[in-house]
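# Give me the fold of what follows.
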Amino acid sequence: MRIIIALALSSTAVLAQAPAAAVSVASRYTQTDPWRDSWQKPAQVISALNFSPTESVAVVEEGYPYFAPRIAAVAGKVFAVNMDSRALQGPRGTSPLFTPIVSSEGDPSVSGLNLDTVMLVDIWRFLTLQNAYTLELALSMKPGSRLVVLGRKLETNFPLFSQISPRSSN
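Predicted coordinates for the structure are as follows:
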């Protein structure tokens, strides 16, 4: 498993790299938030991660899906994972581009998805059952998959994922 931690980047447009049809659909479900763009840098993060059209991605976010619709424009299958079911409702929480998943503090509810990438977007500090959540994420990932952690600051209590083997490699 590869771990990628991103803290601060500069922004550039990336949806232009996606097929025109995906860009058109994504633009209807992608909300602009200058504050989030200023520190999360979604365009640059997505460009740097170079998602594959066949890639299976779980995006774990707090609040309405912000990265999920953007990643869905360039990746294969995207799951928007959130502990707040209200964030996955309405025009900002639903989209034909991604599958919403309501999780709990100890279970991301991604068991059996066989994920290529798991992306945690400024969520770690909100999890009270971090060890259980971490284990469930690791068990849902393919061998050789990647974990992307995006946050405003480095989380000093972040576990060493290299010590946990994905389920499919056991």
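# so residue 137 sits right up against residue 118, yeah?
Yes: Residue 137 is within contact range of residue 118, at 5.3 Å (criterion: CB atoms under 8 Å). (Glycine included, C-beta is placed from N, CA and C.)
# Give the residues shared as contacts by these two.
58, 60, 110, 147 (CB atoms under 8 Å, 6 or more residues apart in numbering).
# can you give me the helices in the protein?
Along the chain, counting by DSSP state H, helices occupy 20-29, 34-40, 42-49, 67-72, 90-93, 130-139.
# returning to what we had before: kindly reformat the shared contacts of residue 137 and residue 118 as TSV containing neighbour count, distance to residue 84 and pLDDT.
Converted to TSV, the shared contacts of residue 137 and residue 118 look like this (neighbours: other CB atoms under 10 Å; distance: CB to CB, whole Å; pLDDT from 0 to 100):
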residue	neighbour count	distance to residue 84	pLDDT
58	28	16	96
60	27	12	93
110	21	16	94
147	21	22	86
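# Show me which of residue 137 and residue 118 is the more surrounded one.
More crowded of residue 137 and residue 118, by other CB atoms under 10 Å: residue 118, with 26 against 23.
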